[in-house]
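Trainee: Would you be able to build a 3D model of this:
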Amino acid sequence: MEAAIVIMALLFFAFVALGVYATVKAVKAAKRGVDRTIHQARRTVEDTTLRAKSYGQGGVGGELAQLRLSLRTSMRATQDALQAGVAEDASLKESLELFQRLSAHGRELDEDLKRLEREPDRARVAGQLKGLRERTERITHSADSLRWAARDRAQKFAEDDLSSLSAQIDLEAGALRHWSGSTAQDPASDDFSWPDAGAPAPDAEREQVWPAETDARADGSGGADGDVKAGPRPDGEAPDRQAPQAITARDPRLTTYPWEKTARPETTN
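Mentor: Model prediction:
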């Protein structure tokens with residue numbers, strides 16, 4: 001009984017721990033989703049604000065906004081290209097690591113530009129614009145180089161794969177078109193001729209004895225020597241020849257001629 005209670009207690013605590021773990025994971029996932037949504041919304045707002053300042057505001061403020069917008073656009077495009085390409089090309093991992101190091105300098109520059117936007121001394125800020133512009137161009141140039149190199153590499157691989165695929169397709173198409181002449185003989189060219197109407201069939205070359213003739217020969221009206229020839233058997237085998245029989249004289253009373261009338265039976269009254 002005590003063992004059953006202990007097992008039930010352990011199962012209860014296991015289910016509770018599992019529920020707490022699942023709850024914590026769900027909360028963390030929801031928090032990450034919320035943070036991601038907030039970050040995207042904040043980034044969209046900042047980009048829209050910088051775009052509006054770069055086009056609508058002149059002077060030092062407008063140039064600082066334009067530098068920030070150019071920096072953020074280049075870094076974001078490079079990050080998306082490398083992260084998308086590293087899943088298919090493992091050699092881009094090193095490029096991604098270099099970009100992460102470059103991103104640290106980009107974030108630092110973005111923070112400096114953001115701080116200078118709130119600087120009231122515009123003359124001092126204007127004196128630093130040249131260095132800030134060169135710094136921004138170096139970072140964006142490095143980011144653009146990584147992005148275009150990754151895209152050129154992916155395009156080169158795609159072209160090589162397409163060339164190989166085209167060669168295989170051409171080879172297969174040539175194999176499909178390489179058919180040989182049919183080995184079956186054309187029925188129109190067969191050397192086939194029907195037998196002549198008057199030519200006897202192979203089986204007809206043998207002597208046929210019909211039942212009526214057989215009966216006549218059995219009666220003794222056949223050949224002069226009284227021999228009887230047997231016809232072919234139904235199963236197609238050659239007929240067996242009978243042993244020679246002794247010649248006996250016929251009864252003259254049994255011999256009839258065509259000109260004689262049939263003898264009528266004698267009647268007795």
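
Trainee: going forward, measure contacts between C-alpha atoms and count neighbours the same way
Mentor: Will do.

Trainee: Can you give me the neighbour number for Arg135?
Mentor: 16 (other C-alpha atoms under 10 Å).

Trainee: scratch that, Leu102
Mentor: Using other C-alpha under 10 Å, Leu102 has 16 neighbouring residues.

Trainee: Need the nearest residue in space to it, chain neighbours excluded.
Mentor: Once flanking residues are discounted, Leu102 sits nearest to Ile139: 7.2 Å by C-alpha to C-alpha, 6 or more residues apart in numbering.

Trainee: For the one you found, which residues are in contact?
Mentor: Leu71, Leu102, His105, Gly106 (C-alpha atoms under 8 Å, 6 or more residues apart in numbering).

Trainee: which of the residues you listed lies closest to Ala9?
Mentor: Nearest to Ala9 among the contacts of Ile139: Leu102, at 55.0 Å, using C-alpha to C-alpha.

Trainee: after the helix or strand harbouring the closest one comes which helix or strand?
Mentor: Using DSSP states H and E, the element containing Leu102 is helix 92-117. Going down the chain from helix 92-117, the next helix or strand is helix 122-177, by DSSP H and E.

Trainee: Just the angle for that following helix relative to helix 92-117, thanks.
Mentor: Relative orientation of helix 122-177 and helix 92-117, computed by axes from the mean of the first three to the mean of the last three C-alpha atoms, to 10 degrees: 150 degrees.

Trainee: average pLDDT for helix 122-177?
Mentor: What helix 122-177 shows for mean pLDDT is 90.

Trainee: Please apply the same query to stretch 21-31.
Mentor: Taken as a whole, stretch 21-31 has a mean pLDDT of 84.

Trainee: same check, this time on stretch 83-98
Mentor: The average of the pLDDT scores along stretch 83-98 is 87.

Trainee: Endpoint to endpoint, it covers what distance?
Mentor: End-to-end span of stretch 83-98 (C-alpha to C-alpha, to the nearest Å): 13 Å.

Trainee: what comes into contact with that stretch?
Mentor: The contact list for stretch 83-98 (C-alpha under 8 Å, 6+ apart) reads Gln79, Leu82, Leu146, Ala150, Ala154.

Trainee: Ok, stretch 114-134 next?
Mentor: Taking C-alpha under 8 Å, 6+ apart as the rule, stretch 114-134 contacts Val60, Gly61, Leu64, Ala65, Leu67, Arg68.

Trainee: CA atoms of that stretch as PDB?
Mentor: What follows is stretch 114-134, C-alpha atoms only, in PDB (Å, rounded to 0.1, in the frame of the first residue of the first chain):
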ATOM      1  CA  LYS A 114      21.700  58.800 -33.200                       C
ATOM      2  CA  ARG A 115      23.500  60.700 -30.400                       C
ATOM      3  CA  LEU A 116      24.600  63.400 -32.700                       C
ATOM      4  CA  GLU A 117      21.000  63.900 -33.900                       C
ATOM      5  CA  ARG A 118      20.200  65.200 -30.400                       C
ATOM      6  CA  GLU A 119      23.300  67.300 -30.100                       C
ATOM      7  CA  PRO A 120      22.400  71.000 -29.900                       C
ATOM      8  CA  ASP A 121      25.800  72.200 -31.200                       C
ATOM      9  CA  ARG A 122      25.200  71.900 -34.900                       C
ATOM     10  CA  ALA A 123      28.600  73.500 -35.800                       C
ATOM     11  CA  ARG A 124      30.500  70.800 -33.900                       C
ATOM     12  CA  VAL A 125      28.400  68.200 -35.500                       C
ATOM     13  CA  ALA A 126      29.000  69.600 -39.000                       C
ATOM     14  CA  GLY A 127      32.700  69.400 -38.300                       C
ATOM     15  CA  GLN A 128      32.400  65.700 -37.700                       C
ATOM     16  CA  LEU A 129      30.300  64.900 -40.700                       C
ATOM     17  CA  LYS A 130      33.200  64.200 -43.000                       C
ATOM     18  CA  GLY A 131      34.700  61.600 -40.700                       C
ATOM     19  CA  LEU A 132      31.200  60.100 -40.100                       C
ATOM     20  CA  ARG A 133      30.500  59.900 -43.800                       C
ATOM     21  CA  GLU A 134      33.800  58.100 -44.500                       C
END
